[in-house]
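>>> model this:
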Amino acid sequence: MKNSILIAAFFLFGVLNSNARSLISTFGGNGFKSVYYSKLSAILLEELNERQSEIDKLKNDFRKKFEFQEKVIIELTRVVSFPD
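Sure, this is the predicted structure:
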């Protein structure tokens, strides 16, 4: 059960990279896997921080575009006069 939750967390946070592989070890020749849960928190926290940085950048980009459009609309309404 714990391993299936861990795999779901990996997909959720996009951690399927070298960091995720460092959390899993294989025992001998029998193929059994084990997970280093003690390392998991640090890796997930790092991934969350990266995602938050991406979100902040996208929000900033959106805000800049919105402010630009707002300025264009204000300028257009100033330049174009509508008859009463």
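>>> going forward, measure contacts and count neighbours with C-alpha atoms only.
Will do.
>>> so where's the chain shaky on pLDDT?
Counting by pLDDT under 70, the chain shows low-confidence ranges at 1-3, 6-20, 81-84.
>>> The spatially most central residue of it sits in which helix or strand?
Per Cα atoms, centre = their mean, the C-alpha nearest to the average position across the chain is that of residue 51, at 2.7 Å. Secondary-structure assignment from DSSP states H and E places residue 51 in helix 37-79.
>>> And that helix, what does it pack against?
Helix 37-79 is packed against helix 2-13, with contacts defined by 3 or more Cα pairs under 8 Å, 6 or more residues apart in numbering; DSSP states H and E.
>>> which SS class is residue 26?
strand (DSSP: H, G, I helix; E, B strand; the rest coil).
>>> and the residue nearest to it when sequence neighbours are not counted, what is it in contact with?
Excluding the flanking residues, the one nearest residue 26 by Cα to Cα, 6 or more residues apart in numbering is residue 33, at 4.5 Å. Contact analysis of residue 33 by Cα atoms under 8 Å, 6 or more residues apart in numbering lists 24-27.
>>> and if we set it to 10 Å?
For residue 33, the contact set (Cα atoms under 10 Å, 6 or more residues apart in numbering) comprises 3, 24-27.
>>> for it, helix, strand, or coil?
Reduced to three states by three-state DSSP, residue 33 is strand.
>>> how much space between it and residue 27?
The spacing between residue 33 and residue 27, counted by Cα to Cα, to the nearest Å, is 6 Å.
>>> same question, residue 53
Plainly put, residue 53 is 37 Å away from residue 27 if you go by Cα to Cα.
>>> Which of the two has more residues huddled nearby?
residue 53 (12 against 9; other Cα atoms under 10 Å).
>>> okay, now residue 25: neighbour count?
13.
>>> correction: residue 73
For residue 73, the count of nearby residues is 12 (other Cα under 10 Å).
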